[in-house]
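Trainee: After the sequence you'll find the predicted model.
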Amino acid sequence: MDRQTVVVKVGTSSLTDDRGRLEEEKLARQVDGVLGLMETGYQVVLVSSGAIAAGFHELGLSSRPRTLAGKQAAAAVGQGALVQRYRERFAAKGKGCAQVLLTRSDFADRVRYLNALATINYLLGKEVVPIINENDSVAVDEIRWGDNDTLAALVAGLLQAEWLLLVTNTDGLYTDNPHKNRQAQPIRRLTEVDDTLLQQVDGSKSTFGSGGMHSKLTAARLAAKTGVRVYIGTAKDDPSWMRNAVQQEGSGTYIEAAARHVSRKEQWIAVHSASTGRLHVDNGAARALLQEGGSLLPCGVTAVEGTFAEGEIVEVIDSMGVSIGKGRIRYPATLITQVMGWQSTDVLKLNPDAPAEVIHRDDWVSAVGTEIC
Ligand SMILES: Nc1ncnc2c1ncn2[C@@H]1O[C@H](COP(=O)(O)OP(=O)(O)O)[C@@H](O)[C@H]1O
Ligand SMILES: N[C@@H](CCC(=O)OP(=O)(O)O)C(=O)O
C-alpha cells in the first residue's frame, strides 16, 4: 500500500523573530516535527515560507520590504539561505531535502503540473524531503499566490495527501483574532468551511505573515474539498507534535475532508486550467450533465463563445446564465458553432470523424455538488 503523505506548511510567523528575521531555532523545531512524522511512516512534503525573512537584511534593509520588487529581491537572496539552513538541519539528522520552486503557471500547464508531481514523487521515493516555496522572484503580480497557504493546499491536492498541516503562530482558528481580542474562543473542529464563516474571519495577519487566517481557511476549504484533512495549529517544543496532530490529538483546529480524494484530472480541470471558451446549453443538456451522469451532445448546445481548439477547456453556462462546470471539449469552436443544436446523426453526415460527445462525461467537472470549480 502507498505510504500516506502529509503536507506541512510552515508560515513566516513560525520561522521568524520579532524583527522578522529567520530564527534558526524555530526552523529546527519544524524539522524535528517533520522527522517525527517520517519515523511514524508518513512521507512528508514541506511547504516553507521564510525566503523574504532570510534575505532582506543582506540587502541592507532594516525591516521586511513592502514593495513587490523589494520582496522579490529579498526572496532571491533568502531562498538559498533558507534551504541551506534546512539542509544543515536535515543532514544533522541523516536526512536529505530538496528545493522545489513553483508558480501558478506551473499548475495551469497540464504537462508542467504532471512533471511537478513526478519530481516530488521521485524525491519522496528516495526519502528526500521536498521543500516547496513559491518562485517569488519570477512570479508577476497577476499570477502570484503571494501567500503559501493556497500553494500548500494545491500541493496537498496534487499529491492526494492524507493531511495538510498549516503551521502558524496561533493555535488554530478562534472566534476572533486572539492577538487583538483576549475573549476570543478556540474553535476545535469544523465539518466544513462555509461562506458565512469565511465572511466572519477578517483579513488580519501576524506582523510578517502574508495570508492571515482568512487565507488559511480558504486554503483549508480547497484542500478539504479535494479529500485532504486539514489541521491548523502552532509548533510545539515536543518533536512528536506533528505526529500527535495527525493522530487527532492536536490542540489546534481540525477541518474534515470530503469522503474521497478528487482525481487529479478533475482538480486540474476545475481549479488550474484556464477556460478558452464558453458553451451555452439548454435545460435538457444541463440536466444530463448535472443529474444524469451524461455527456454533452451537440443537440444541447445553444450558443458558442471563444475561438478554442479541440482539447481545450471550456466553461458551460445554463439557460439562466449560470456557470455549471468546466470540461475538455472534443470539437473545435468552428465545428461546434456550425453543428450546435443538431442531432448526432446529422453531425456524422457532415463530418464522419466527429466524436459523438462535445464534452465527454470523463472530462467534465460539475460546479454543482463537488463545488471545486
Ligand atoms: N479568527 C482568527 N483566529 C486566529 N487567528 C486569526 C484570526 N483572525 C486573524 N488571525 C490572524 O492570523 C494570523 C496567522 O496568519 P499569518 O499571519 O498569515 O501567519 P503565517 O505567517 O503563519 O502564515 C494570526 O497571527 C492572527 O493575527
Ligand atoms: N514566499 C514567501 C512567503 C509568503 C508568505 O509570507 O507567506 P505566509 O507567511 O505563509 O503567509 C517567502 O518565502 O518569504
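Mentor: Sure, I can see it. Not measured: the values here are computed from a predicted model. Ligands and ions are numbered 1, 2, ... in the order given.

Trainee: what sits against the closest residue to ligand 1 within the stretch 1-150 of the chain?
Mentor: Nearest residue of the stretch 1-150 of the chain to ligand 1: Gly11, at 2.1 Å (C-beta to the nearest ligand atom). In this view, the C-beta of every residue, glycine as well, is placed from N, C-alpha and C. Counting by C-beta atoms under 8 Å, 6 or more residues apart in numbering, Gly11 touches Ser49, Asn148, Asp149, Leu166, Val167, Thr168, Asn169, Ser206, Gly209, Gly211.

Trainee: again, only using 7 Å
Mentor: Gly11 sits next to Ser49, Asn148, Val167, Thr168, Gly209 when contact means C-beta atoms under 7 Å, 6 or more residues apart in numbering.

Trainee: Let's have those in CSV, adding secondary structure and neighbour count.
Mentor: Shown next, in CSV, are the contacts of Gly11 (DSSP: H, G, I helix; E, B strand; the rest coil; neighbours: other C-beta atoms under 10 Å):
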residue, secondary structure, neighbour count
Ser49, coil, 30
Asn148, helix, 27
Val167, strand, 28
Thr168, coil, 25
Gly209, coil, 23
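
Trainee: and ligand 2, which of those residues reach it?
Mentor: Filtering those for neighbours of ligand 2 using C-beta under 6 Å from any ligand atom leaves Ser49, Asn148, Gly209.

Trainee: which one is the residue most central in space within the chain nearest to, not counting chain neighbours?
Mentor: For the chain, Leu154 is the residue whose C-alpha lies nearest the centre (C-alpha atoms, centre = their mean; 1.8 Å). Once flanking residues are discounted, Leu154 sits nearest to Phe107: 6.1 Å by C-beta to C-beta, 6 or more residues apart in numbering.

Trainee: What pairs with whatever helix or strand Arg278 lives in, parallel or antiparallel?
Mentor: Per DSSP states H and E, Arg278 falls inside strand 277-281. Looking at strand 277-281 with DSSP bridges, its partner strands are strand 301-306 (antiparallel), strand 313-317 (parallel).

Trainee: Format the ones you listed as CSV; extra columns: distance to Tyr331 and mean neighbour count.
Mentor: Formatted as CSV, the strands paired with strand 277-281 follow (distance: least, C-beta to C-beta, whole Å; neighbours: other C-beta atoms under 10 Å):
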stretch, distance to Tyr331, mean neighbour count
strand 301-306, 9, 17
strand 313-317, 10, 23
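
Trainee: quick one: which of those is nearest Leu350?
Mentor: When these are compared by C-beta to C-beta, strand 301-306 sits nearest Leu350, at 14.9 Å.

Trainee: For Ile187, find the nearest of the strands paired with strand 277-281.
Mentor: Set against Ile187 and scored by C-beta to C-beta, these come closest in strand 313-317, at 35.0 Å.
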